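Q: Provided below for reference: sequence and predicted model.
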Amino acid sequence: MSTHVDPARNSGQTRSRLGLGIILGCLAVLGVAACGAPAVEEPVSDDQAVQQQNARATELMQFGNTLRAQGNLNEAAGVYSRAMNADPDSPLPPAALGDTLRQLKRYDEAEQVFRQALERNPYSGMALQGIGILLIERKQPDAAVAMLTPAVDENAADHRVYNVLGIAYDALGDHTQAQNQYLAGLDIQPENKSLRNNMALSLVLQERYDAAVEQVQRLLTGTEADEPYLHNLALVYGLAGRIESAAALLRQMLPEADVANNLAYYQNLRALPPDRRRAAILDIVLQSIFLSSNGTTSTQGG
């Protein structure tokens, strides 16, 4: 007796087995990705994107940095904007442009630049740092925490994000949490001077002066680059009431009249209520931290 084979049924089983094979093959290759779906590219890190920046954008960035160092902020902003057009994928030009606009108090424009950069790379440390500093300067440290925390939660934060998160928590008065952020950043980049400097100033806000002195002393290299940190060390000594130690440091750098002015400033800071003293010290932090896109400084923020 011949066996009758239903062509339609056989064809269906073949298609079923074939379809299952394709699905299993896709799952084996793509893991949890949907079959046929385009692969999602991981965003390029800021440091890698900077290395890939084209020559024209690099040239414009150098020119913009020179203008900015000379105090020509409006001209620098124009040059940074041209650098953005020359290389839209590099995080350096928007970081520098946004921070320059912040310095010009053109806050809405600065925020727009940073948000556009974050649309291209939601975890850009340079862009997150820039918008975080902007929010803190606008007296919105809670908004800065909300903006930056997702990068930490998803293990996508770089040292810049931890640095600005620390400043935001210091602004909110939560110095223990601030120091946790600085330490997390130092785990990523142990030699970063901005993180350690801000850690020291956070300890000052808790009046833990000996610990702050230890942190600042770790920044010193015996070169001319030490001067900003020697000033901060003098500040710590002054706030701790160690006036002679502060004066001895200042005399290495300043004429006597300026030494007297600085010592008077330290005494005035000591006399302020805690909230006002914290605000004054945070101003020092914000004045000293630079975006790594700003070529006028080699260590702060970068």
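A: Thanks, I have it. Residues are numbered from 1 along each chain as shown.
Q: rounded mean pLDDT for the helix or strand hosting L230, please.
A: Here L230, judged by DSSP states H and E, is contained in helix 227-239. Per-residue pLDDT over helix 227-239 has a mean of 93.
Q: how about that helix as CSV, C-alpha atoms only?
A: C-alpha atoms of helix 227-239 as CSV (Å, rounded to 0.1, in the frame of the first residue of the first chain):
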residue,chain,number,x,y,z
GLU,A,227,50.5,77.0,43.4
PRO,A,228,46.7,76.6,43.3
TYR,A,229,46.9,73.7,45.8
LEU,A,230,49.3,75.7,48.1
HIS,A,231,46.7,78.4,48.2
ASN,A,232,44.0,75.9,49.1
LEU,A,233,46.4,74.4,51.8
ALA,A,234,46.7,78.0,53.2
LEU,A,235,43.0,78.3,53.2
VAL,A,236,42.6,75.0,55.2
TYR,A,237,45.2,76.2,57.7
GLY,A,238,43.4,79.6,57.9
LEU,A,239,40.0,78.1,58.5
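Q: how far does that helix sit from the chain's center?
A: Chain-centre distance of helix 227-239: 24 Å, with CA atoms, centre = their mean, to the nearest Å.
Q: same check, this time on stretch 237-252
A: With CA atoms, centre = their mean, you get 31 Å for stretch 237-252.
Q: thinking again about what came up before, so which elements touch the helix holding L230?
A: Where contact means 3 or more CB pairs under 8 Å, 6 or more residues apart in numbering; DSSP states H and E, helix 227-239 is packed against helix 193-205, helix 209-217, helix 243-251, helix 256-271, helix 274-288. Where you see a C-beta, it was placed from the backbone N, CA and C, and this is true even at glycine.
Q: got JSON lines for the ones you listed, with mean pLDDT too?
A: Supplementary listing: those in JSON lines, determined by pLDDT from 0 to 100:
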{"stretch": "helix 193-205", "mean pLDDT": "93"}
{"stretch": "helix 209-217", "mean pLDDT": "96"}
{"stretch": "helix 243-251", "mean pLDDT": "96"}
{"stretch": "helix 256-271", "mean pLDDT": "95"}
{"stretch": "helix 274-288", "mean pLDDT": "83"}
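Q: out of those helices, which comes closest to L135?
A: For L135, the closest of the helices and strands packed on helix 227-239 is helix 274-288, at 11.4 Å, according to CB to CB.
Q: and the closest one with helix 227-239, angle?
A: 170 degrees (axes from the mean of the first three to the mean of the last three CA atoms, to 10 degrees).
Q: quick one: buried residues of helix 274-288?
A: For helix 274-288, the buried set under the neighbour-count rule, 16 or more other CB atoms under 10 Å, comprises R277, R278, I281, L282, I284, V285, S288.
Q: could you do stretch 243-256 as well?
A: So stretch 243-256, judged by 16+ other CB under 10 Å, has buried residues S245, A246, A247, L249, L250, L254.
Q: returning to what we had before: contacts for the helix holding L230, please.
A: 193, 197, 200-201, 204, 207, 209, 212-213, 216-217, 219-220, 243, 245-246, 249-250, 252-253, 262-263, 265-267, 269-270, 284, 288 (CB atoms under 8 Å, 6 or more residues apart in numbering).
Q: list the buried residues for that helix?
A: Residues of helix 227-239 classed as buried: Y229, L230, H231, N232, L233, A234, L235, V236, Y237, G238, L239 (neighbour count, 16+ other CB under 10 Å).
Q: just stretch 211-227 next, same as before
A: In stretch 211-227, counting by 16+ other CB under 10 Å, buried: A212, V213, Q215, V216, L219, D226.
Q: give me the element T221 is part of.
A: Using DSSP H and E, T221 is not contained in any helix or strand.
Q: ok, now how distant is it from V259?
A: T221 is 23 Å from V259, where distance means CB to CB, to the nearest Å.
Q: show me the shaky parts of the stretch 1-150 of the chain.
A: 1-53 (pLDDT under 70).
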